[in-house]
Every structure is written in structure tokens, then in C-alpha cells.
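> prediction below, plus the sequence it came from.
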Amino acid sequence: MTDNSSLFGHQETKFLQSNGLKMACQSFGEPANPAIILVAGLYNQLVRWPVEFCELLAARGFFVIRFDNRDIGLTDKMDGAKAPSFLRLLLRHYLRIPVETPYTLDDMAADTVGILDALDISQAHIVGMSMGGMISQLVTATYPDRILSLTSIMSTSGERGKGIPSLRVSAAMLRPVTEQRSALDNAVDIWQMIGSPAYPMSDQEVRALVMAEHSRSTNPAGYMRQIAAIRAAPRRKALLKSIRVPTLIIHGKQDLLVPVNGGIDTARHIPQARLALFDGMGHTLPKALLGQFVELIVENSARSLNN
């Protein structure tokens with residue numbers, strides 16, 4: 001049997017009621033410490049936040065919470081809700097034609113705040129990656145009394161032309177499963193395409209991680225519903241300008257899924273945001289950089305004490 005402890009950890013998974021959903025979460029560190037909530041990206045289960053990263057944050061005095069967003073992992077699925085077609089989403093993006101989606105990023109922001117409510121946490125630091133960065137931006141702007149500091153990793157502002165993948169990458173993200181190519185094959189190919197070139201992983205290593213995650217849960221329909229929520233989201237420029245808490249933007253210079261101009265644009269709109277760019281980093285959290293990320297987050301969170 002494969003040992004998944006390096007991915008899953010040994011934390012107990014708890015189930016909380018949030019925004020009408022049963023949501024799965026895990027925690028690290030002492031509940032009495034300042035809370036930091038981690039918001040995962042598109043179709044990423046909570047285990048995409050490395051155990052080492054969580055433990056490093058806990059060792060620096062945080063109570064760390066990672067959770068499964070709606071429609072992913074062990075959290076409730078939106079079964080039966082149909083996502084709009086990719087063509088409709090393209091029309092929405094390029095022609096601003098309205099489109100109905102099963103839920104929005106604002107709904108997922110409310111889910112995140114609901115996790116804090118369920119844990120009786122009045123204020124927390126928030127860290128989000130990719131789609132989770134978008135959600136974290138919304139939480140910070142929409143619930144300003146709940147957030148002490150914001151870290152947005154490999155994410156974007158929602159502005160047109162910023163943080164948009166190439167057609168090649170977009171096509172790979174939507175590549176159908178065939179008799180010759182399984183969902184696992186596609187997932188490995190995508191990971192390698194958008195990964196960090198200075199911190200490569202072998203196909204075998206990536207396949208083991210993806211298989212371990214899929215063994216926990218899989219919900220392909222949720223993938224399209226989450227893509228719809230991202231594609232249909234309005235621009236966040238005005239909301240970003242309203243953010244007043246200490247903000248850190250982390251981005252890889254070689255990110256092909258959310259190109260670095262998305263992170264740069266996000267930092268440009270948030271007053272006094274700090275921008276940290278990493279050479280050789282794509283759309284992953286390289287193990288070799290986790291310690292640096294933690295130090296930056298700790299430094300950013302300390303700025304909240306002066307607010």
C-alpha cells in the first residue's frame with residue numbers, strides 16, 4: 001500500500017457546516033494561536049497545500065486551516081448542477097455576454113468565511129493560490145473586518161488580458177478523456193506543462209501525487225463548475241483598491257497557467273501591496289521554495305500589528 005502521509009498528513013479531517021454545505025477541513029498547530037486559512041485552487045483538494053508548508057507555518061505560531069472547497073475533495077458536491085459550455089464561457093470573457101453559472105467565486109468566498117464562523121474565529125490571515133487567490137481577494141475586500149492580512153499566490157486580478165493562459169494551455173485543461181488517454185494521463189500532462197521548470201518533477205512523481213489525490217476523491221463535473229465560476233467572475237479592480245490590510249503577492253515568472261502579469265496587475269491595484277517574483281517557478285509550490293514563502297507570509301502578517 002502506498003504511503004500518502006507526505007501528501008495527506010496525519011491530521012484528522014473534520015466536517016463543518018458552512019454556507020449550507022458540509023465542508024471538510026484539517027488543522028495544524030494550536031487553536032489559541034492566530035489563525036491562518038489556506039484557500040486552494042481550481043479542482044485542488046486541501047492536500048495540495050503541502051504538509052511541510054502547513055507545519056512550517058504552525059511552527060511559526062499560527063493555527064493553520066486547510067479545507068476542501070465546494071465541489072471538490074470530501075466537501076459537498078453540487079451534483080446535478082450543469083456548467084455552461086466552454087464556448088459560452090468564451091463569449092462571456094471576450095464579448096461580456098452574461099452567462100448563468102451554478103455558483104460564483106463570491107459564493108466560495110462566503111464558504112470560506114463560513115469555515116471561520118464554524119471554528120468560532122473572528123479574524124484570520126488568509127492565503128490563497130490560483131483560484132484560491134481570487135477567492136481570498138474577494139474575502140478580504142468583502143469581509144474586511146474578518147481578515148488581518150492577505151497573501152495571493154500565482155493568481156490574478158480578473159482584468160482583461162492579465163493572467164490569461166495561452167490557447168495551448170487552455171486546450172490542455174479541457175482535453176477530453178479517451179480510450180487512449182485517461183483523466184490521470186491528462187492530469188500528469190497538465191501538471192508537467194504548467195510546472196516549475198527550475199524545480200522539475202518526474203512523470204512518476206507527479207503520477208503518484210495525482211493518484212493519491214484521486215484516491216481520496218474525484219468529481220470531474222465539479223472541475224467544469226469551478227472553471228465556470230472563474231470565467232464568469234467580474235473584474236476585481238475596484239474591490240482590490242479597497243483592500244487596506246497588509247498584502248503579499250507571490251508569483252512565478254514562468255507560470256504558464258496564470259502568467260506573471262496577473263500577479264503584477266493584482267499588486268498594482270492593492271495599496272502598498274508587496275510583490276515577490278520567483279525565477280524558475282511555474283504554477284506549482286516547489287518544495288525548495290516553501291521556507292521562503294513561509295518567511296514572506298510571516299513578515300506580511302506581522303505588518304498587520306501596525307495597522
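Received it, and whenever you're ready, just let me know what you need.
> switch to C-alpha atoms for all contacts and neighbour counts from now on
Will do.
> so residue 169 sits against residue 257, correct?
Yes - the pair residue 169 / residue 257 is scored as a contact, 6.7 Å apart, by Cα atoms under 8 Å.
> more crowded one of the two?
residue 257 (23 against 17; other Cα atoms under 10 Å).
> for that one, what are its contacts?
163-166, 169, 194, 283 (Cα atoms under 8 Å, 6 or more residues apart in numbering).
> mind putting these into CSV with distance to residue 128, pLDDT and secondary structure?
Below are the contacts of residue 257 laid out as CSV (distance: Cα to Cα, whole Å; pLDDT from 0 to 100; DSSP: H, G, I helix; E, B strand; the rest coil):
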residue, distance to residue 128, pLDDT, secondary structure
163, 15, 93, coil
164, 18, 89, coil
165, 19, 88, coil
166, 23, 83, coil
169, 22, 87, helix
194, 18, 95, helix
283, 13, 97, coil
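> now restrict those to buried residues only.
Among those, the ones that count as buried by 16 or more other Cα atoms under 10 Å are 163-165, 169, 194, 283.
> mind pulling up the pLDDT for residue 307?
In this prediction, residue 307 carries a pLDDT score of 66.
> where in the stretch 51-200 of the chain is pLDDT low?
For the stretch 51-200 of the chain, the stretches with pLDDT under 70 are 86-87, 89-96.
> picking that back up, name the residues contacting each of residue 169 and residue 257.
In contact with both residue 169 and residue 257: residue 194, using Cα under 8 Å, 6+ apart.
> in the chain, which spans are helices?
Ranges of helices within the chain are 5-8, 51-59, 86-95, 105-118, 131-142, 167-173, 183-194, 203-216, 220-231, 237-241, 260-269, 290-302, based on DSSP state H.
> which of those sits most buried?
helix 131-142 (a mean of 26; mean count of other Cα atoms under 10 Å).
> could you say what helices and strands that helix packs with?
Applying 3 or more Cα pairs under 8 Å, 6 or more residues apart in numbering; DSSP states H and E, we find helix 131-142 packed against strand 35-39, helix 105-118, strand 124-129, strand 147-153, helix 237-241.
> Serialize the buried ones among the contacts of residue 257 to TSV and add fields for distance to residue 305.
Below are the buried ones among the contacts of residue 257 laid out as TSV (distance: Cα to Cα, whole Å):
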residue	distance to residue 305
163	31
164	35
165	37
169	41
194	36
283	31
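> was I right to think residue 163 contacts residue 264?
No - between residue 163 and residue 264 there is no contact under Cα under 8 Å: 9.1 Å.
> how close does residue 132 get to residue 139?
10 Å (Cα to Cα, to the nearest Å).
> residue 270 now?
Residue 270 is 14 Å from residue 139, by Cα to Cα.
> number of residues surrounding residue 179?
Applying other Cα under 10 Å, we find 5 other residues in the vicinity of residue 179.
> before we move on, what about residue 146?
Using other Cα under 10 Å, residue 146 has 19 other residues around it.
> re the thing from before, what is the nearest of the buried ones among the contacts of residue 257 to residue 207?
residue 194 (14.7 Å; Cα to Cα).
> quick one: residues contacting that closest one.
So residue 194 contacts 169, 255-257, 282-284 (Cα under 8 Å, 6+ apart).
> out of these, who's nearest residue 125?
Nearest to residue 125 among the contacts of residue 194, with distances taken as Cα to Cα, is residue 284, at 21.3 Å.
> isn't the closest one right up against residue 193?
No - with contact defined as Cα under 8 Å, residue 284 does not count as touching residue 193 (10.8 Å).
> in CSV: the helices of the chain, plus distance to residue 14.
Below are the helices of the chain laid out as CSV (distance: least, Cα to Cα, whole Å):
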stretch, distance to residue 14
helix 5-8, 14
helix 51-59, 16
helix 86-95, 35
helix 105-118, 11
helix 131-142, 20
helix 167-173, 31
helix 183-194, 27
helix 203-216, 15
helix 220-231, 21
helix 237-241, 32
helix 260-269, 33
helix 290-302, 25
